[in-house]
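Colleague: Next come a sequence and a model predicted from it.
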Amino acid sequence: MTSASGIDTGTGYGRKRPIHDAQLTEVGPGTPMGEAMRRYWHPIAVSSALTNDVPHRTRVLGENLIVFRDGKGRAGVVFERCAHRGSSLYYGRIEDDGIRCCYHGWKYDVQGHCLEQACEPSGGRRRDLGRQPWYPVEERYGLVFVYMGPPDRKPALPRYDCMEPLEEGDQYFAEMPGPVSNVTGMPQDFNWLQIWENAIDPVHAAWLHYEHSGPQFGGTGTTGFPVDYYDPYTASQKITYYKTALGAKYHQRFQKPAADGTPVTLDWVVELLLPNMIALPDFVNVDAGKRHDCILWVVPSDDTTHRFFFCMRAKSPDRLRGFLGAIKQNGKDPWLLTEEERQRFPGDAEAQGSQGPITQHSEETLVSSDRGVLMVRRMLKQMVSDVEAGRDPQTVSLTDGPPRHVESGVFVVSPADLE
């Protein structure tokens with residue numbers, strides 16, 4: 001009720017139409033971020049799941065694509081619509097040397113060359129004119145990667161020291177187990193940036209994953225983080241953000257008792273690698289000095305959806321199963337929750353998805369604990385500026401090199417650094 005002494009302030013009336021930051025979030029062909037993203041390799045499929053039985057439909061950076069493996073074991077990525085009359089190659093037939101369209105039998109190899117036009121005399125005397133648009137692919141770390149940028153700027157597919165060399169008994173795990181397996185990554189229906197920048201927003205873990213919804217991380221108070229790690233009123237004071245050669249990282253300092261009971265000061269370090277990767281350490285078993293073993297990719301499908309990929313270097317699938325089941329809501333896996341439980345015990349999907357298909361950046365009120373988010377947004381904008389200026393963006397190299405150093409993990413803080 002309006003008081004007699006004044007007029008209400010702060011109401012929603014007359015506010016400007018909210019908008020998102022298109023430079024950060026829109027990824028289609030010709031957009032600033034879309035062109036910058038196209039200078040990097042992106043995972044498009046899981047190698048072990050991509051067999052030569054049927055083709056798979058996917059969407060990357062606003063383009064509808066087909067990924068398949070031919071009878072010779074070669075992976076290929078082509079445009080979805082056949083270059084002849086536009087039928088979807090999703091309904092195509094995989095053969096030893098390529099994929100054949102269901103409509104008129106045109107067959108293409110993994111580089112889009114038309115090998116045969118089945119309904120034409122002599123298999124198509126000018127079949128070389130019917131090339132299907134395609135993209136280069138390479139396989140590494142259990143994933144199929146695609147490059148969708150200018151051919152003359154194709155970079156070397158990066159390697160990372162946390163993934164190689166494999167130690168004795170190690171192998172790569174990149175496929176979701178059991179019925180949730182997805183050849184082309186796990187889809188989610190909101191903009192890619194909302195999950196990527198969440199990874200450099202550690203204070204949310206103290207509130208969302210503990211104070212608000214109750215303990216959600218496996219190992220809390222035992223093998224994982226101690227309970228006082230999640231104090232939301234002191235968390236931001238223990239965090240320091242840094243730029244790295246590959247992107248950005250944060251250190252979050254805490255104490256945990258050693259085997260003899262004496263407290264040890266540790267730094268929990270998470271690194272974001274440009275343009276869309278997360279090096280996330282094991283938070284269920286927080287052990288200092290353990291070699292980092294996991295990289296996650298957040299691949300934009302288009303402006304309002306993305307797909308999630310991962311690679312884990314481990315000796316058995318137990319590490320993968322532990323990671324996938326590490327976050328519980330009301331003691332349950334997220335897909336088992338009722339709508340009421342999701343409301344009372346929200347997790348990452350609820351918080352990030354409820355920001356909308358694309359969060360409205362004009363409506364944000366950023367504060368000191370958002371320093372990491374601001375840092376990576378500035379880095380992404382610089383990436384865009386570099387491409388617009390004709391430069392290769394950060395971390396892109398056209399020549400192969402040694403594995404890049406990933407700075408994630410749990411590290412003992414020396415007494416000198418505590419002074």
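Modeller: All right, it came through fine.

Colleague: Just say helix, strand or coil for the most centrally placed residue in the chain.
Modeller: Residue closest to the mean C-alpha point of the chain, counted by CA atoms, centre = their mean, is residue 298 at 1.6 Å. The local conformation at residue 298, judged by DSSP: H, G, I helix; E, B strand; the rest coil, is strand.

Colleague: quick one, what contacts it?
Modeller: Listed by CB atoms under 8 Å, 6 or more residues apart in numbering, the contact set of residue 298 reads 192, 195-196, 276-278, 306, 308. Where C-beta positions appear, they are placed from N, C-alpha and C, glycine not excepted.

Colleague: Take those and keep only those in strands.
Modeller: Per DSSP state E, strands hold the following members of those: 277-278, 306, 308.

Colleague: Out of those residues, which is nearest to residue 71?
Modeller: Nearest to residue 71 out of the ones in strands among the contacts of residue 298 is residue 308 (CB to CB; 29.6 Å).

Colleague: so who does that closest one touch?
Modeller: Neighbours of residue 308 in contact, by CB under 8 Å, 6+ apart: 185-188, 195, 296-299.

Colleague: Look up how far residue 150 lies from it.
Modeller: Distance of residue 308 to residue 150, computed by CB to CB, to the nearest Å: 27 Å.

Colleague: which secondary structure elements does the helix ranked longest in the chain contact?
Modeller: Longest helix in the chain, counting residues (DSSP state H): helix 371-388. Here helix 371-388 touches helix 22-25, helix 32-37, strand 239-243, strand 247-257, going by 3 or more CB pairs under 8 Å, 6 or more residues apart in numbering; DSSP states H and E.

Colleague: Ranking the ones you listed by mean neighbour count, which comes first?
Modeller: helix 32-37 (a mean of 23; mean count of other CB atoms under 10 Å).

Colleague: For burial, what's the neighbour tally of the nearest residue to residue 68 once chain neighbours are set aside?
Modeller: Closest residue to residue 68 apart from its sequence neighbours, by CB to CB, 6 or more residues apart in numbering: residue 55 at 3.9 Å. Using other CB atoms under 10 Å, residue 55 has 23 neighbouring residues.

Colleague: ok, residue 55 touching residue 92?
Modeller: Yes. In this structure, residue 55 is within contact of residue 92 by CB atoms under 8 Å, at 5.6 Å.

Colleague: who touches both of the two?
Modeller: Common neighbours of residue 55 and residue 92 (CB under 8 Å, 6+ apart) are 66, 68, 99.

Colleague: Phi first, then psi, for the last one.
Modeller: With angles defined as degrees, to the nearest 10, residue 99 shows backbone torsions of phi -130, psi 140.

Colleague: Tell me the pLDDT of it.
Modeller: Confidence at residue 99, expressed as pLDDT, is 98.

Colleague: related to what we said a few turns ago, kindly state the pLDDT recorded for the residue nearest to residue 68?
Modeller: On the pLDDT scale, residue 55 is placed at 97.

Colleague: Top of the contacts of residue 298 by number of neighbours, please.
Modeller: Ranking the contacts of residue 298 using other CB under 10 Å puts residue 192 first, with 29 neighbours.

Colleague: residues in contact with it?
Modeller: Residue 192 makes contacts with 25, 27, 276, 298-300, 306, as judged by CB under 8 Å, 6+ apart.

Colleague: And for residue 379?
Modeller: 243, 247-248, 274, 394.

Colleague: still on that earlier bit, could you tell me which of the contacts of residue 308 count as buried?
Modeller: Buried members of those, counted by 16 or more other CB atoms under 10 Å: 185, 188, 195, 296-299.

Colleague: possible to save those residues as CSV with pLDDT and distance to residue 114?
Modeller: Below are the buried ones among the contacts of residue 308 laid out as CSV (pLDDT from 0 to 100; distance: CB to CB, whole Å):
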residue, pLDDT, distance to residue 114
185, 95, 29
188, 95, 36
195, 96, 39
296, 98, 38
297, 98, 32
298, 98, 35
299, 98, 29
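
Colleague: returning to what we had before: name the nearest of the contacts of residue 298 relative to residue 383.
Modeller: Looking at those and their distance to residue 383, the nearest is residue 276, at 10.7 Å (CB to CB).

Colleague: show me the contacts for that closest one.
Modeller: By CB under 8 Å, 6+ apart, residue 276 lies in contact with 37, 40, 42, 192, 196, 297-300.

Colleague: Please identify the buried residues of the helix or strand bottoming out on mean pLDDT in the chain?
Modeller: When each helix and strand of the chain is scored by mean pLDDT, DSSP states H and E, helix 415-418 comes last, with a mean of 74. By 16+ other CB under 10 Å, helix 415-418 has no buried positions at all.
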